[in-house]
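In: could you work out the structure for the sequence below:
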Amino acid sequence: MTGPVLRIFEARTKPGHTDELLNNFSSTSTAVVSGEPGNKGYIFGRSVAGDDNTVLFISLWESLETIKERFGDDWQVSFMPDGYAEIIEEHSVRHFDMAGGWHPDDV
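Out: The predicted structure is shown next:
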(Lines give C-alpha, C1' and ligand atoms only; values in the text may rest on other atoms or scores of the structure.)
Protein backbone atom coordinates (compact mmCIF):
# COMPACT_ATOMS: atom_id res chain seq x y z
CA MET A 1 0.00 0.00 0.00
CA THR A 2 1.21 3.44 -0.83
CA GLY A 3 -1.47 5.47 0.95
CA PRO A 4 -3.26 7.49 1.90
CA VAL A 5 -5.37 4.94 3.77
CA LEU A 6 -8.93 5.26 5.05
CA ARG A 7 -9.74 3.51 8.33
CA ILE A 8 -13.50 2.95 8.44
CA PHE A 9 -15.17 1.99 11.70
CA GLU A 10 -18.78 0.95 11.16
CA ALA A 11 -21.18 0.22 13.99
CA ARG A 12 -24.82 -0.62 14.46
CA THR A 13 -26.03 0.77 17.75
CA LYS A 14 -28.55 -0.75 20.08
CA PRO A 15 -31.97 0.88 19.58
CA GLY A 16 -32.10 4.40 20.97
CA HIS A 17 -28.33 4.85 21.28
CA THR A 18 -27.33 6.32 17.90
CA ASP A 19 -27.20 9.92 19.14
CA GLU A 20 -25.21 8.81 22.19
CA LEU A 21 -22.61 7.10 20.02
CA LEU A 22 -22.34 10.14 17.73
CA ASN A 23 -21.79 12.31 20.81
CA ASN A 24 -19.07 9.88 21.90
CA PHE A 25 -17.50 10.14 18.46
CA SER A 26 -17.32 13.93 18.80
CA SER A 27 -15.29 13.67 21.99
CA THR A 28 -13.74 10.28 22.68
CA SER A 29 -13.14 8.98 19.16
CA THR A 30 -11.79 12.27 17.88
CA ALA A 31 -9.28 12.28 20.75
CA VAL A 32 -8.05 8.84 19.65
CA VAL A 33 -6.92 10.17 16.25
CA SER A 34 -6.51 13.95 16.57
CA GLY A 35 -2.91 15.08 16.61
CA GLU A 36 -1.58 11.57 16.04
CA PRO A 37 1.39 11.32 13.68
CA GLY A 38 0.13 10.47 10.21
CA ASN A 39 -3.53 11.32 10.84
CA LYS A 40 -4.89 13.72 8.22
CA GLY A 41 -8.40 14.11 9.59
CA TYR A 42 -11.67 12.36 10.26
CA ILE A 43 -15.39 12.49 9.54
CA PHE A 44 -18.34 10.73 11.10
CA GLY A 45 -22.07 10.42 10.66
CA ARG A 46 -25.16 8.29 10.57
CA SER A 47 -27.00 6.40 7.86
CA VAL A 48 -29.63 8.41 6.03
CA ALA A 49 -32.09 5.49 6.22
CA GLY A 50 -34.66 6.59 8.79
CA ASP A 51 -34.74 3.43 10.89
CA ASP A 52 -31.10 2.42 10.48
CA ASN A 53 -28.85 2.57 13.55
CA THR A 54 -25.65 2.47 11.47
CA VAL A 55 -22.89 5.01 12.04
CA LEU A 56 -19.41 5.48 10.58
CA PHE A 57 -16.22 7.01 11.94
CA ILE A 58 -13.72 7.44 9.12
CA SER A 59 -10.17 8.60 9.61
CA LEU A 60 -7.60 9.39 6.93
CA TRP A 61 -3.97 8.37 7.45
CA GLU A 62 -0.78 9.03 5.50
CA SER A 63 -0.06 5.30 5.21
CA LEU A 64 -0.82 1.90 6.63
CA GLU A 65 2.37 2.19 8.66
CA THR A 66 1.03 5.24 10.53
CA ILE A 67 -2.14 3.28 11.38
CA LYS A 68 -0.03 0.41 12.68
CA GLU A 69 2.05 2.84 14.75
CA ARG A 70 -1.10 4.28 16.34
CA PHE A 71 -3.06 1.06 16.92
CA GLY A 72 -0.23 -1.47 17.26
CA ASP A 73 -0.54 -5.18 16.56
CA ASP A 74 -4.34 -4.91 16.83
CA TRP A 75 -4.64 -2.41 13.99
CA GLN A 76 -7.15 -4.70 12.19
CA VAL A 77 -9.42 -4.80 15.25
CA SER A 78 -12.01 -2.17 16.15
CA PHE A 79 -10.69 0.10 18.88
CA MET A 80 -13.48 0.39 21.46
CA PRO A 81 -13.14 3.16 24.06
CA ASP A 82 -14.79 2.67 27.45
CA GLY A 83 -18.58 2.69 27.26
CA TYR A 84 -18.86 1.85 23.57
CA ALA A 85 -19.51 -1.89 23.91
CA GLU A 86 -22.61 -1.25 26.02
CA ILE A 87 -24.36 0.71 23.23
CA ILE A 88 -23.11 -1.11 20.11
CA GLU A 89 -24.65 -4.31 18.73
CA GLU A 90 -22.22 -4.93 15.86
CA HIS A 91 -19.04 -3.27 14.66
CA SER A 92 -16.20 -3.67 12.20
CA VAL A 93 -13.13 -1.85 10.98
CA ARG A 94 -11.77 -1.89 7.42
CA HIS A 95 -8.87 -0.19 5.69
CA PHE A 96 -8.72 1.07 2.11
CA ASP A 97 -5.71 2.20 0.08
CA MET A 98 -6.76 5.44 -1.60
CA ALA A 99 -3.60 5.99 -3.68
CA GLY A 100 -5.33 5.36 -6.98
CA GLY A 101 -8.45 7.42 -6.40
CA TRP A 102 -7.82 10.15 -3.90
CA HIS A 103 -8.55 13.60 -5.29
CA PRO A 104 -8.93 16.05 -2.38
CA ASP A 105 -9.26 19.02 -4.76
CA ASP A 106 -12.54 17.47 -5.95
CA VAL A 107 -14.14 17.71 -2.50
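
In: can you give me the helices in this structure?
Out: Using DSSP state H, the helices found in the chain span residues 18-24, 30-33, 64-71.

In: in the second one, what counts as buried?
Out: Of all the residues in helix 30-33, those buried under the rule 16 or more other Cβ atoms under 10 Å are Val32, Val33. All C-beta atoms are positioned from the backbone trio N, CA, C, and that covers glycine.

In: which other helices and strands does it contact?
Out: strand 39-46 (3 or more Cβ pairs under 8 Å, 6 or more residues apart in numbering; DSSP states H and E).

In: list the pairing partners of the strand it packs on within its sheet, with orientation.
Out: strand 54-61 (antiparallel) (DSSP bridges).

In: now the angle from the partner strand to helix 64-71?
Out: 110 degrees (axes from the mean of the first three to the mean of the last three Cα atoms, to 10 degrees).

In: which other residues reach strand 54-61?
Out: 3-13, 18, 21-22, 25, 29, 33, 38-47, 67, 70, 98 (Cβ atoms under 8 Å, 6 or more residues apart in numbering).
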